[in-house]
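Enquirer: 3D, please:
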Amino acid sequence: MKLNLTLAKLASITGGLLHCANEQEKVLSFVTDSRIVSEGDIFWALKGQSHDAHRFIDDVIEQGAKCIVAEK
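Expert: Numbers count the residues shown, from 1 in each chain. Down below sits the predicted model:
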């Protein structure tokens, strides 16, 4: 999905805490599949009954994710 938000707006929408140097940086896309994260993507760590994407946070950071939306 293509977006045109700032990190600050994303944090506001999700009610989350933002830990970054530039909260006005633009968000252009997000992904939920850790296998396809590209540099600059927002990774949305979804948790289901049989899978927990929080396990892949370290991986997506190495792949260049700009931001991670996570429960924990």
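Enquirer: distance of the nearest residue to Gly64 once chain neighbours are set aside relative to Lys66?
Expert: Leaving aside its sequence neighbours, Gly64 sits nearest to Glu39 (C-beta to C-beta, 6 or more residues apart in numbering; 3.3 Å). C-betas here are computed from N, CA, C, even on glycine. Counting by C-beta to C-beta, to the nearest Å, the gap between Glu39 and Lys66 amounts to 8 Å.
Enquirer: of those two, who's got more company?
Expert: Using other C-beta atoms under 10 Å, the more surrounded residue of Glu39 and Lys66 is Lys66, with 21 against 8.
Enquirer: I'd like the distance between the more buried one and Gln49.
Expert: Taking C-beta to C-beta as the criterion, Lys66 is separated from Gln49 by 29 Å.
Enquirer: doesn't the residue nearest to Gly64 belong to a strand?
Expert: No: secondary structure assignment (DSSP: H, G, I helix; E, B strand; the rest coil) places Glu39 in coil, not in a strand.
Enquirer: wait, it touches Gln63, no?
Expert: Yes: counting by C-beta atoms under 8 Å, Glu39 touches Gln63, with 7.4 Å between them.
Enquirer: since that was my last question, I'll sign off now.
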